[in-house]
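> With the sequence up front, the predicted model follows.
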Amino acid sequence: MPESDSITDRKRRVLAIGKGAGALAVLIVLMSWLAGGFVKKVGPEAAGHEPSQQKPATERVERKTFPLMIEQVGAIRSGSEAQVSSRLMAEVREIRVKEGDRVSGPEAGHPTVLATLDDRDVRAKLRQADWQVDAVFHAIDGARAKLRAAQDQVSASKANQEKASLDYRRYENLLKNGAATEQQAQNARAQRDVTSAQAGSATQEVEAAQGEIARLGAQREQAEAAVKEARVMLSYTIIEAPFSGRVVKKMINAGDMAAPGQPVFFLDAPSQAEVHAIVSESLVPHLQIGEHIEVGIDALDSTMEGEIREIVPQSDTATRTMLVKIGLPASPGLVSGLFARIYVPYGTYDALVIPARAVREVGQLCLTDVVGLNGRPSRRFITVGRTRGPLIEVLSGLSEGEDVSVQKAQSEE
């Protein structure tokens, strides 16, 4: 091997050793700083000469009992959701709203028009139905006139019949007394029979006119029903919001063909937001309708209190879970589909707690100053859990009864 190569290798080894030593020195300095090695310490003899120095405030590590909360997940859903569909097949003439628009329902007095459909065919059917109603009314008027004429004819025929019957009886009496001839009696009888036949014919005309009026009355009802149906169909050409809320999704555009049952808009009412949570069936006995429960919304970085509205009495055989619906207070940030967490109470547990002010965060590490028997604070790494108001749970790093300093909890060195 050439001498130049060995010199180069020695240089490289020296540089590597130097870098390793430098990194080790930095690590030692960092550990010393974290352990409080660079904090100026005051000895007992010096403390007696500085009466103005105050002893740092301390809080004792305590053990407290908290309710055990089992976290379950769900999603935000609107308490009132609707798929607005068309009730007839027609071309969409105009779309009057867009996604995200607020709309008013019938309860507001003036429901918002979401879209309008082509109504030419429906209006043609309405005009035809109106014409049929008018024609039937004219026919009924004619039938009633015939009925009145037939009734007048019946009255006249009955009067003639009564007169002919009186004349016949009178001639019969005269014939018995020899004051009238047989021919006169026969003429009176014939006149009586003619007037009786005329009265019967007039009665039949009355009955026929009454039957015609009844038939036309049925036709009138059918025509009026056709008019009502056409007017209802005409109202279907205007698609209105079924309730006050917000347009979540628009499924159709102007010029498209709407079909019965085909969703045109999706609406929801954000003011009636709910959490639909999938809860393990073993936790359901710990929930009751009307009970208040803690709900966390990650996207809003907030926690709110909800009320259990419904527990669906059916378990999923595959996941062994049940659906629980929890009502939420009105909030402008609640949007359908947001991820949510609910916390189901499930007994209690004990945990060590210290004031949250006693904890400092350095990067991803949590530190606190533990005050020993000599009154000197020493820095210690701890693992923290949930925050409980002004307190915070300590999972590891401290023991019950120890004292922690809270004097410099919010300051940074």
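The structure has been received and is ready for your questions.
> give the contact list for residue 203.
residue 154 (Cβ atoms under 8 Å, 6 or more residues apart in numbering). Bear in mind the C-beta positions are built from the backbone N, C-alpha and C, glycine included.
> what about it, helix or strand, and which?
Residue 203 is part of helix 182-235, with elements assigned from DSSP states H and E.
> Check which element follows that helix along the chain.
Counting by DSSP H and E, what follows helix 182-235 is strand 238-240.
> Now do stretch 284-303: distance to the chain's middle.
18 Å (Cα atoms, centre = their mean, to the nearest Å).
> Need the contact partners of that stretch.
69, 76, 275, 279, 304-311, 322, 324, 326, 328, 331, 333-334, 338-346.
> Now do the buried residues in that stretch.
284, 287, 293-297, 300 (16 or more other Cβ atoms under 10 Å).
> start to end distance for that stretch?
21 Å (Cα to Cα, to the nearest Å).
> And for stretch 92-108?
End-to-end for stretch 92-108, by Cα to Cα: 26 Å.
> again with stretch 274-293
Note: stretch 274-293 ends 12 Å apart using Cα to Cα.
> How far does it sit from its chain's centre?
With Cα atoms, centre = their mean, you get 19 Å for stretch 274-293.
> and that stretch, what's its mean pLDDT?
In this model, stretch 274-293 has an average pLDDT of 91.
> thinking again about what came up before, which of the contacts of stretch 284-303 count as buried?
For the contacts of stretch 284-303, buried by 16+ other Cβ under 10 Å: 69, 76, 275, 279, 306-308, 311, 322, 324, 326, 328, 334, 338, 340-344.
> which residues of the stretch 301-413 of the chain score low on pLDDT?
For the stretch 301-413 of the chain, the stretches with pLDDT under 70 are 407-413.
> can you do 80?
330-333, 335-336, 375, 407-413 (pLDDT under 80).
> where do the helices sit along it?
In the stretch 301-413 of the chain, no segments count as helices under DSSP state H, counting those that start in this stretch.
> Could you report the pLDDT at residue 136?
83.
> Which residue is most remote from the mean position of the protein?
Centroid-distance maximum for the chain: residue 178 at 103.9 Å, with Cα atoms, centre = their mean.
> Which strand or helix spans that one?
Residue 178 belongs to no helix or strand, assigned by DSSP H and E.
> Distance check, it against residue 88.
89 Å (Cβ to Cβ, to the nearest Å).
> Quick check, residue 115 in contact with residue 255.
No - counting by Cβ atoms under 8 Å, residue 115 stays clear of residue 255, with 11.6 Å between them.
> Those two - which one has more neighbours?
Neighbour count, other Cβ atoms under 10 Å: between residue 115 and residue 255, residue 115 has more, with 24 against 10.
> For that one, give the beta-bridge partners.
Per DSSP bridges, the residues bridged to residue 115 are residue 95, residue 239.
> residues contacting it?
Residue 115 neighbours (Cβ under 8 Å, 6+ apart): 92-97, 239, 252, 264-265.
> Nearest to residue 388 among those?
residue 265 (45.4 Å; Cβ to Cβ).
> Now that closest one, what are its backbone angles?
phi -140, psi 150 (degrees, to the nearest 10).
> Number of residues surrounding the spatially closest residue to it that is not a sequence neighbour?
Spatial nearest neighbour of residue 265, excluding adjacent residues (Cβ to Cβ, 6 or more residues apart in numbering): residue 84 at 4.3 Å. Counted by other Cβ under 10 Å, the residues lying close to residue 84 total 18.
> Just to check, residue 84 is in contact with residue 238?
No - between residue 84 and residue 238 there is no contact under Cβ under 8 Å: 12.0 Å.
> thought residue 107 was touching residue 243?
Yes - Residue 107 lies in contact with residue 243 (Cβ under 8 Å); the separation is 7.0 Å.
> which of those two has more neighbours?
residue 243 (18 against 9).
> Let's see which of the contacts of stretch 284-303 end up in strands.
Counting by DSSP state E, these place 69, 76, 275, 279, 304-311, 322, 324, 326, 339-346 in strands.
> Spatially central residue in this structure, please.
Note: the chain centre (Cα atoms, centre = their mean) maps to residue 80, 2.1 Å.
> phi, psi of that residue?
phi -130, psi 110.
> Would you mind measuring from it to residue 272?
Relative to residue 272, and taking Cβ to Cβ, residue 80 is found at 5 Å.
> next one: residue 326
Distance from residue 326 to residue 272, by Cβ to Cβ: 12 Å.
> Quick one: end-to-end length of stretch 387-395, please.
12 Å.
> which ones are touching residue 259?
Here residue 259 is in contact with 86, 89 (Cβ under 8 Å, 6+ apart).
> May I have the beta-bridge partners of residue 74?
residue 277, residue 340.
> and if you look at residue 392?
residue 354, residue 387.
> quick one: it and residue 359 touch, right?
Yes - using Cβ under 8 Å, residue 392 makes contact with residue 359 at a distance of 6.0 Å.
> which residues are common contacts for those two?
residue 384.
> quick one: residue 99 and residue 268, what's the gap?
Counting by Cβ to Cβ - residue 99 and residue 268 are separated by 12 Å.
> Between the two, which has more neighbouring residues?
Each of residue 99 and residue 268 has its neighbours counted (other Cβ under 10 Å); residue 268 has more, 21 against 11.
> List phi and psi for the closest residue to the more buried one other than its chain neighbours.
Leaving aside its sequence neighbours, residue 268 sits nearest to residue 78 (Cβ to Cβ, 6+ apart; 3.4 Å). When read as degrees, to the nearest 10, the backbone of residue 78 gives phi -80, psi 140.
> Can you report how many residues lie near residue 78?
So residue 78, with other Cβ under 10 Å, has 22 neighbours.
> Next: residue 167.
18.
> what helix or strand does it sit in?
helix 120-176.
> quick one, that helix and helix 182-235 angle?
170 degrees (axes from the mean of the first three to the mean of the last three Cα atoms, to 10 degrees).
> ok, residue 323 - contacts?
Contacts of residue 323 (Cβ under 8 Å, 6+ apart): 276-279, 311-312, 314.
> quick one: residue 276 from residue 330, how far?
18 Å.
> quick one: which of the two has more around it?
The residue with more neighbours, out of residue 276 and residue 330, is residue 276; 15 against 9, by other Cβ under 10 Å.
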